[in-house]
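*Asks:* Sequence plus the predicted model coming up.
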Amino acid sequence: MSVMSIAEQPHAVSPEFTRQPLGKVGMWWFLASEIMVFGGLIGSYILSRIAAGGWVAERAHVNTRLAVINTLVLLTSSLTVVEAHAAVDAGEQKRTRMFLLCTVLLGCMFLGIKGFEYSGEIEHGLTPASGLFWSFYYTMTGLHGLHVLAGIVVNFCLFIAAGGRGWKTIQHRVEYAGLYWHFVDVVWIFLFPLLYLA
Amino acid sequence: MLRWFPENISTFGGDIDGVFSLIYYVVGFWFLLTEGVLFYFIFRYRRRSGHAPTYVRGDRWTELVWVLVPAVIVLALDLGIDAVGGPVWARVKEHQPPGGVEVHVTGKQFNWEFTYPGPDGKFDTADDVTMDNELHVPVGQNVHLVLRSRDVIHSFFIPTVRLKQDVLPGRTIKAWFNATKPGQYEIACAELCGFGHYNMRAFLTVHDVDDYQRWVHEKWPAAAAAPTGDKG
Amino acid sequence: MQAVVEPDAHHAHGEELGFWRKYVFSVDHKVIGKQYMSLALFMALVGGLTAYLIRWQLAYPETPVPGFHWVPEPTMYEGVVPPEFYNALITMHGTVMIFFVAMPFLLGAFGNFLIPLMVGAPDMAFPRLNMMSFWTIFTASMLLLASFFVPGGAAAAGWTGYAPLSADPVFTGVNWGLNLWLLALALEFGSFLMGGVNFLTTGINMRAPGLTLTRLPLMVWMQLTAAVLFMLSIGPLIAGAVMLLFDRTIGTGFFLPERGGDALLWQHLFWFFGHPEVYVVLLPGFGMLLEIFPVFTRKPIFGYRAIIYSTIATGILSFLVWAHHMFVSGIDPRLAMPFSITTILISVPFAIMVFSMVASLWGGAITFATPMLFALGFLATFLIGGVTGIFLGSATVDIYLHGTYFVVAHFHYTLFPSVFLGGFAGMYFWYPKMFGRMLNDTLGKIHFWITVISFNCVFIPLFLCGVAGNMRRVYNPMQYDFLKHLAPLHQFATLATIVLMLGQIPFFVNFFWSMVAGERAPDNPWKANTLEWATTSPPPHGNFAQVPTVYRDPYEYSAPGAGEDWLPQYAPQPSA
């Protein structure tokens, strides 16, 4: 008799508990820790801003128009990632790939616009060293941007893998990548008003 | 353990020591009891022929009560400790009693600076004097300290006064004490502040009434007739 | 009892793995666990060496440390530790011991090795992620050790890295050393995040049929709770570490008042993690004890459910006490009482756990093999750490004790028992399962007695130093008249430190010798009930020939009507 391997219980469901596949449970725990990272940053920002009296003058220099566009871009990309997941469930390979690619492109657009924003600000002499507001602005959006980049890479890899014989094995991963992408979107939903609006 | 404390020369020091003693006896009792029971069980329940183990799981209330009741007693005693300690903390840290002298203290890498207002009683005037590492106070009067740092976090620690307060750059923090016994006592830094941290040794000199007058006249000879530095 | 399943290892993947895939880049949790163990034991030597240098300087200030005359300037001066290196030593001692010894040893090694086995799974949920987690902390360790050799030396702002001291190189004179320290920590955090995802997914989702949460061995409960605590507390510190790195390198001002920042913000971010972290390294130690006690008393653990509820309560409360590290830090004094109260409240679930452990001995038939000696030593010694915490939890008393050796002695009396006494208990207990050989019990007993006695001799004097007002992290306390009388205490503690370190030699000899020449271990040398003992020693790749089924609670020792004094979880009902 042979030893049972992980492959033989790929989505092992513990009979009496979560009834969720391993990857999904793992992704949720990972996202919980990520929430605490951004929570720490955002909490520090909020408290510092209150102590500093609101940073109204500093915040006048952010590019709200571009940030609104970026918000729409990211929200749309969350829609495309949902469509990709639906396509995977329906077994439609081409459609899945299309929506994964759309997500990747929208993500790149987000980063491109963000980079354009940064370059404008730096030209005006507004760098991370320009005061505490800017320290937070660059750190929060920068860390978020790195997470967007990671999501782009993952989705792109899935796009490639979905094209070949890997189609069968990556299906559940589209859902987990989608969860991660939604998280990245939600973080932006917090950053946007905190940095650009109120 | 209690005899290892340095002498106490402050009005609130005895209260702080009192809370320590209270905890010492309460905790000491529980420690000896628990440790004693532990060693007794180790001895009594070692394997011996003819004695089978007793199958007790501790999942019935009649069994758990042996653990829960002591735990509740521990809770009650702990809350009692806080009830005794709370007012002492408030007295030392939350309230500044009126009257007395004021000294500004600045911690920096790697010494303490003490700024005295001089006979005019006001800071940032011409008769202010700043001394390195010497804190001079009169006995029996409230001493108000205004604590700052020039660079990193230091901690202003006078062991015989039972006073400790971190000093922060960018912040001003108040502390106070009232010394009961003339003499010279050491001051140290209690927060790692760089390679010279161990060297931030300063001296508290508590002067009796006459001696304090003499010190003031020495420092501010021009104002020989002025009263000693009463606040306000 | 019934025959143990005989798995056939070679057909697991249809191919034999090469040396690198089998021993270096293995995805098998058992190999990865042993890799973590090797790392932890090596870093323990590094941590021990730093302790030796520190203690020598404290006992015989500004004299050459025996054996260290070869270290070049400006690190040391003909064997003498200068103040700069002293600060680096105390920093690295704490960093190494907590992040590169305690966590890899208790969680990385034992968590990885035991969780899949104890829940009846063939491996962790994400084996490749598991492999990556080890190599990440390996890289982190290399970065950390490298930081000793860069210009300016290693990080020297304490393992707590308080700002602004740590936020601008000008304050310490340490530049790349502290940047590398931050990078090493960031990688270590990443490694344990990966591990945490694995532990939790495996423990929750891959339990064998019949293994409900209330039949889970307490070790698994402890590891899972520790993982949850780590996953949820590390975030703010990761944020803080990024902020600190930026302050040091790109001119941000999060923690520097002259750039608009706040020195206290770092402390809040650090201790929000720092306090749950101490339970992360304590709970698995308790787990060792809770597995070992029933085996060597031949009766169930007392209060299984009470212990679980207490563990969860402790976990939740641990997030609410952090400012007890900050009573005199400059926070609003009115915050002190609330935090004193939450701190005091934590002692209640702890009391329940400790009393339950003591009660577990009642009515037993105790035998004193080395694992049990270490487990008992853990409990007896930990009690001192636990009760001295009450002093520090009272804000009033903390005014005097904060920043003194009382704190140092307190946390060594909690950490050392958990990591080393608990860890060694687990080592002697599970070594047969890991390596297929028994450790020599006589050497083990020698190791135990030297360790536990010399440990107490190091740290009891330090409590007295603390009460006398001896500040911590101070290069030469003898500068101060009020501390001069403590010189004999420091010297005694240093002597005991040397004995403690030498006392680890029997362990290392035993560890390596037994691996090749020890008595071969049967599947279940201790006649224990949990699932890891259902398979061979060591288990094959894949652990079990078929998924075990769990029929009962884990600690059914001397159960009425059972015939023998043990009743494994995996055995069907014995015939009446």
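*Replies:* Great, that's in hand.
*Asks:* Taking chain B, what residue is nearest to chain C?
*Replies:* B:Gly170 (2.7 Å; C-beta to the nearest C-beta). For the C-beta atoms, the positions are set from N, CA and C on the backbone; glycine is no exception.
*Asks:* and that residue, how many neighbours does it have?
*Replies:* By the criterion of other C-beta atoms under 10 Å in any protein chain shown, B:Gly170 has 16 neighbours.
*Asks:* what's the helix or strand for it?
*Replies:* Assigned by DSSP states H and E, B:Gly170 belongs to no helix or strand.
*Asks:* I'd like to check which residues are in contact with the closest residue in space to it that isn't next to it in sequence.
*Replies:* Take B:Gly170 and drop its neighbours on the chain: the residue closest to it by C-beta to C-beta, 6 or more residues apart in numbering or on different chains is C:Pro257, 2.7 Å away. C:Pro257 makes contact with B:Leu168, B:Pro169, B:Gly170, B:Arg171, C:Pro164, C:Ala263, according to C-beta atoms under 8 Å, 6 or more residues apart in numbering or on different chains.
*Asks:* try 10 Å this time
*Replies:* B:Ser149, B:Asp151, B:Leu168, B:Pro169, B:Gly170, B:Arg171, C:Ala163, C:Pro164, C:Ala263 (C-beta atoms under 10 Å, 6 or more residues apart in numbering or on different chains).
*Asks:* Tell me who's in contact with the residue of chain A found nearest chain C.
*Replies:* With C-beta to the nearest C-beta, the shortest gap between chain A and chain C falls at A:Met36, namely 2.4 Å. Each residue near A:Met36 by C-beta under 10 Å, 6+ apart is listed here: A:Gly43, C:Met231, C:Leu232, C:Ser233, C:Ile234, C:Gly235, C:Pro236, C:Leu237, C:Ile238, C:Ala239, C:Phe272, C:Phe273.
*Asks:* quick one on the thing from earlier: surely the residue of chain B closest to chain C touches A:Leu132?
*Replies:* No: in this structure, B:Gly170 is not within contact of A:Leu132 by C-beta atoms under 10 Å, at 11.7 Å.
*Asks:* Give the residues shared as contacts by those two.
*Replies:* With C-beta under 10 Å, 6+ apart as the test, B:Gly170 and A:Leu132 both reach C:Leu256, C:Arg259, C:Gly260, C:Gly261, C:Asp262.
*Asks:* pLDDT weak spots in the chain?
*Replies:* No chain was given, so I picked chain A. For chain A, the stretches with pLDDT under 70 are A:1-17.
*Asks:* you looked at the wrong chain, it should be chain C
*Replies:* In chain C (pLDDT under 70), the answer is C:1-15, C:574-576.
*Asks:* Report how many residues lie close to C:Asp247.
*Replies:* 25.
*Asks:* Same question for C:Met478.
*Replies:* C:Met478 has 16 nearby residues by other C-beta under 10 Å.
*Asks:* can you check C:Thr249 too?
*Replies:* When neighbours are counted by other C-beta under 10 Å, C:Thr249 comes out with 13.
*Asks:* now do B:Arg150
*Replies:* Applying other C-beta under 10 Å, we find 12 residues neighbouring B:Arg150.
*Asks:* The nearest residue to it once chain neighbours are set aside: what's it in contact with?
*Replies:* Spatial nearest neighbour of B:Arg150, excluding adjacent residues (C-beta to C-beta, 6+ apart): B:Lys108 at 3.8 Å. Applying C-beta under 10 Å, 6+ apart, we find B:Lys108 in contact with B:Asp132, B:Arg148, B:Ser149, B:Arg150, B:Asp151, B:Val152, B:His154, B:Val167, B:Pro169, B:Cys193, B:Gly196, B:Met200.
*Asks:* try 8 Å
*Replies:* Residues in contact with B:Lys108 (C-beta under 8 Å, 6+ apart) are B:Ser149, B:Arg150, B:Asp151, B:His154.
*Asks:* cool, A:Ile42 as well?
*Replies:* By C-beta under 8 Å, 6+ apart, A:Ile42 lies in contact with A:Met140, A:Phe190, A:Leu191, A:Leu194.
*Asks:* same thing with C:Ala227?
*Replies:* Here C:Ala227 is in contact with C:Leu107, C:Gly111, C:Gly195, C:Gly196, C:Phe199, C:Leu200, C:Gly203 (criterion: C-beta under 8 Å, 6+ apart).
*Asks:* Save those residues as JSON lines, and put in neighbour count, distance to chain A and secondary structure too.
*Replies:* Compiled in JSON lines, the contacts of C:Ala227 are given as follows (neighbours: other C-beta atoms under 10 Å in any protein chain shown; distance: C-beta to the nearest C-beta, whole Å; DSSP: H, G, I helix; E, B strand; the rest coil):
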{"residue": "C:Leu107", "neighbour count": "27", "distance to chain A": "15", "secondary structure": "helix"}
{"residue": "C:Gly111", "neighbour count": "33", "distance to chain A": "15", "secondary structure": "helix"}
{"residue": "C:Gly195", "neighbour count": "31", "distance to chain A": "11", "secondary structure": "helix"}
{"residue": "C:Gly196", "neighbour count": "29", "distance to chain A": "7", "secondary structure": "helix"}
{"residue": "C:Phe199", "neighbour count": "28", "distance to chain A": "9", "secondary structure": "helix"}
{"residue": "C:Leu200", "neighbour count": "23", "distance to chain A": "5", "secondary structure": "helix"}
{"residue": "C:Gly203", "neighbour count": "25", "distance to chain A": "9", "secondary structure": "helix"}
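*Asks:* Residues of the stretch 451-576 of chain C that sit close to chain B?
*Replies:* For the stretch 451-576 of chain C, the residues in contact with chain B (C-beta under 8 Å from any C-beta of the partner chain) are C:463-464, C:467-469, C:471-477, C:479-482, C:555, C:557-560, C:565.
*Asks:* Going by residue numbers, what spans are helices in chain B?
*Replies:* B:13-44, B:61-89, B:209-219 (DSSP state H).
*Asks:* looking at those, which is closest to C:Met337?
*Replies:* Among the helices of chain B, helix B:61-89 comes nearest to C:Met337, with 5.4 Å by C-beta to C-beta.
*Asks:* Now do that closest one and helix B:13-44, the angle between them.
*Replies:* 160 degrees (axes from the mean of the first three to the mean of the last three C-alpha atoms, to 10 degrees).
*Asks:* Around residue 45, how many other residues sit close by?
*Replies:* All of this is about chain A. 24.
*Asks:* um, chain C though
*Replies:* 14.
*Asks:* next one: the one 3 residues further on
*Replies:* The burial count assigned to C:Gly48 is 17, neighbours taken as other C-beta under 10 Å.
*Asks:* got the phi/psi numbers for the closest residue to chain B within chain C?
*Replies:* Nearest residue of chain C to chain B, counting by C-beta to the nearest C-beta: C:Pro257, 2.7 Å away. Note on C:Pro257: backbone dihedrals following degrees, to the nearest 10 are phi -60, psi -30.
*Asks:* so how far is B:Ala126 from it?
*Replies:* Distance from C:Pro257 to B:Ala126, counting by C-beta to C-beta, to the nearest Å: 29 Å.
*Asks:* Check C:Met206 too.
*Replies:* Separation of C:Met206 from B:Ala126 (C-beta to C-beta) stands at 78 Å.
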